[in-house]
Each structure stands twice: as structure tokens, then as C-alpha cells.
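Chemist: sequence isn't available, so here's the structure alone:
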């Protein structure tokens, strides 16, 4: 082949052969770009400090990945942007008042303990950012539960901290009037950096769908399950539709469904498995919110379903190109007959 022609090498042991311009770096970059609207809302509400936390978290994650792989004499992997994305996702699930050192500790746990000790990108069985948040929540519960009033960090209001809408909803206290569906949709409420504005998250989610980084199955089944269960069971003091909308818009549901539950390494690859996985996340979220010790259940719901991913994929067989359902049934029958003959 001449020098000015592209040389293509095919390994026939792996089929089908698919050529695409999409690689890990581009996927990670697209997710980072999709998170920018939500980060912009946090900066609008709380000033520049959330941006500082995001930069510190991303820099820490990249440093720990580079340092670990350097120490272990492994190839440098920071160029794929997966560590940077993990750092940004971790920052997005932190309160806007978190001290700067908190994402440093969380990034170490997420990158070194959850990701690199299990082999690096694609080999971790838990979402690193959510595992880092769970670790920080267990270690620094008081800091992780301190949420600023929108405008408090910019000096436009007198108050500093207040409870989130979910805290009121599941704490037996009436929801204040200023916690309206509009304020939750636009992002003028207290909460983690990335969960303030449902509108900003939906813009990011639409971008990921258009660029085909994610599909609708996991976010759709996740949010849909929460919506249906809350609509059916409701809560005293709220109309069922109102209660359902509050549960969808408040807290980290939309953030978790779009950006966390869809993590490639920790979610099913089978299409039906993705629907079951999303529904499981939704059911666990509602269960934790109704009966758990925390008003928010997204983090632990996704982490629990991460552990079930292998079983879900095992239960739903992947489609084999060029193989019909009859061929698969015949193969199963042959294997069953062989086992019986061996007995």
C-alpha cells in the first residue's frame, strides 16, 4: 500500500468490525461540555467559588491518576480525559460551600481506590464520582449536609445556609412557598453544585443524546419509574401530581439519571438490561427517600445497581450478528442434552 493511503488492519478474531471517529477522549469531552450549563447556573447563583471547587477537583483527579500510574510504571492515561471528567462530576455533587480540600480527598478515593486499583478506565465496578461522594458523606456528613442559600456567597442575602427542598419534603415540614416548581426548574434553590437547575441538566442531556454519547433508555426508565411510583403512592399534604413533580425536579435525580447512571463501565450494555437497570435505580431511589435515613437516595441507588450490572447483562443475552433466535435455541438445547448425557 502506498504511503499516502491509510493502512487498515483487521483482526478477524473480533467481529463485527466497526470504524468510527468517536473515541474515549471525545466522549469524555462531550460529557464535560454537557455539564457546563449546570456549572454556569451554580456560578450565577453562588459566585465563582463553585468554579474553584470544580477546577481543584479536576486537577486533583488528574494528578492522582498520573501519580498512581507513574508509581506503578503504567502507561499515562490522563490524555483520555476520564480522570478530568471524574473530578468534575465529583465537584458537581458537592455543596457549593464545601472547603477546597474536600474534593481533593474525594478525588483520591474515586481515582486511586475505586478506579485505578481495579485496573483503570472500564474496569471499575462502581461509578468513581458517586463512590467518592458516598465516602465523603460517610466521613464528613456535617460538611456535606451544609447547603448555601442562593446569593449567600455573593453577598446579596443575609442568610448563609438552609435545608434543601427534599429535606423539607421528607422531614415532615411543609415546603416553603419560595420552593416552587419554577424555582426548582430554573435553579434558584439550595443544593449541590450540579443539581440546582433541571433546565440546565436537560440541556446537557439533550446534547448527549444528539451526539449519541448516551441513549434514552437509562435516564428515561430511571426518571419514569420515580415519577410513576411517586404519582401512585403520593404523600399526605401534597397532591399526587404535585408530589411527583417535586420529586423529579428536586434533588439529584435528573443529574444522576443523565450523567451518573449512564456511565459506560458500570451500566449494562444490553438494551433490555438498560431499561431494567434504570427502573431498578428509580425504585431504589423512591424506597430510600420514603424509608431511608437520608432524604436523597440517588447516590446509593445507583451504586447498588452498579453492583447488579453483571447479573443484569448475564440475564439478557447480547445480540449475535448473523445468528437467529432458532440458532440460539438449538445451541441451548444441545448444551442441555450434553449435560444430561454427561450425568
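Modeler: Ah, there it is. Remember, predicted model here, so these are calculated numbers, not experimental data.
Chemist: helices along the stretch 151-300 of the chain, start to end?
Modeler: For the stretch 151-300 of the chain, applying DSSP state H, counting those that start in this stretch gives helices covering 165-170, 181-186, 198-210, 217-233, 240-249, 253-255, 271-291, 298-315.
Chemist: mean pLDDT for these: which is lowest?
Modeler: Sorting the helices of the stretch 151-300 of the chain by mean pLDDT places helix 165-170 lowest, at a mean of 84.
Chemist: so what does that helix touch, helix or strand wise?
Modeler: Counting by 3 or more Cβ pairs under 8 Å, 6 or more residues apart in numbering; DSSP states H and E, the packing neighbours recorded for helix 165-170 are helix 240-249, helix 271-291. From N, CA and C alone the C-beta is placed, and that goes for glycine too.
Chemist: residue 307 touches residue 125, doesn't it?
Modeler: Yes - here residue 307 lies in contact with residue 125, judged by Cβ atoms under 8 Å, at a distance of 6.8 Å.
Chemist: low-confidence stretches in the stretch 51-200 of the chain?
Modeler: The model of the stretch 51-200 of the chain has pLDDT under 70 over residues 151-162.
Chemist: the same query, at a cut-off of 90, please.
Modeler: Regions of the stretch 51-200 of the chain meeting the criterion pLDDT under 90 cover residues 76-78, 97, 119-123, 142, 145-180, 183, 187-191.
Chemist: on that earlier part again, between residue 307 and residue 125, which has more neighbouring residues?
Modeler: Higher neighbour count among residue 307 and residue 125: residue 125, with 14 against 11, using other Cβ atoms under 10 Å.
Chemist: quick revisit: compare the helices and strands packed on helix 165-170 and give me the one nearest residue 133.
Modeler: helix 271-291 (14.5 Å; Cβ to Cβ).
Chemist: list the buried residues of that closest one.
Modeler: Buried residues in helix 271-291, counted by 16 or more other Cβ atoms under 10 Å: 273-286, 288-289.
Chemist: with adjacent residues omitted, what lies nearest to residue 123?
Modeler: Excluding its sequence neighbours, the residue lying closest to residue 123 (Cβ to Cβ, 6 or more residues apart in numbering) is residue 265, at 7.1 Å.
Chemist: hmm, residue 120 and the one you found touching each other?
Modeler: No - with contact defined as Cβ under 8 Å, residue 265 does not reach residue 120; the gap is 9.9 Å.
Chemist: and the two? Which one has more around it.
Modeler: The neighbour count for residue 265 versus residue 120, taken as other Cβ under 10 Å, is higher for residue 120 (21 against 18).
Chemist: and that one, helix, strand or coil?
Modeler: Here residue 120 is coil, with the state taken from DSSP: H, G, I helix; E, B strand; the rest coil.
Chemist: okay, the helices of the stretch 151-300 of the chain in CSV with distance to residue 136 next?
Modeler: CSV is the format used below for these (distance: least, Cβ to Cβ, whole Å):
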stretch, distance to residue 136
helix 165-170, 18
helix 181-186, 24
helix 198-210, 21
helix 217-233, 23
helix 240-249, 24
helix 253-255, 16
helix 271-291, 18
helix 298-315, 10
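Chemist: and residue 73, which of the ones you listed is closest to it?
Modeler: Within the helices of the stretch 151-300 of the chain, the stretch nearest residue 73 is helix 298-315; the backing value is 29.2 Å (Cβ to Cβ).
Chemist: give the other helices and strands that that closest one contacts.
Modeler: Counting by 3+ Cβ pairs under 8 Å, 6+ apart, helix 298-315 packs on helix 128-139, helix 271-291.
Chemist: who wins for proximity to residue 80 among the ones you listed?
Modeler: Once the helices and strands packed on helix 298-315 are compared by Cβ to Cβ, helix 128-139 is nearest, at 13.7 Å.
Chemist: quick one: the closest one to helix 298-315, angle?
Modeler: 140 degrees (axes from the mean of the first three to the mean of the last three Cα atoms, to 10 degrees).
Chemist: so which bits of helix 128-139 are buried?
Modeler: 128-137.
Chemist: can you check stretch 235-255 too?
Modeler: Residues 235, 238, 243-255 are the ones in stretch 235-255 that count as buried (16+ other Cβ under 10 Å).
Chemist: distance of residue 103 from residue 63?
Modeler: 12 Å (Cβ to Cβ, to the nearest Å).
Chemist: need the residues touching each of the two.
Modeler: When Cβ atoms under 8 Å, 6 or more residues apart in numbering defines a contact, no residue borders residue 103 and residue 63 alike.
Chemist: neighbour-wise, which of the two wins?
Modeler: Neighbour count, other Cβ under 10 Å: between residue 103 and residue 63, residue 103 has more, with 28 against 17.
Chemist: surely that one and residue 94 touch.
Modeler: Yes - between residue 103 and residue 94 there is a contact at 6.2 Å, judged by Cβ under 8 Å.
Chemist: okay, and the common contacts of those two?
Modeler: 53, 57.
Chemist: before we move on, back to that, pLDDT at the residue nearest to residue 123, what is it?
Modeler: The predicted local confidence for residue 265 is 91.
Chemist: now do the same contact list for the residue nearest in space to the middle of the chain.
Modeler: The centre of the chain sits closest to residue 260, judged by Cα atoms, centre = their mean, with a distance of 0.7 Å. By Cβ under 8 Å, 6+ apart, residue 260 lies in contact with 89, 127, 129-130, 298, 302.
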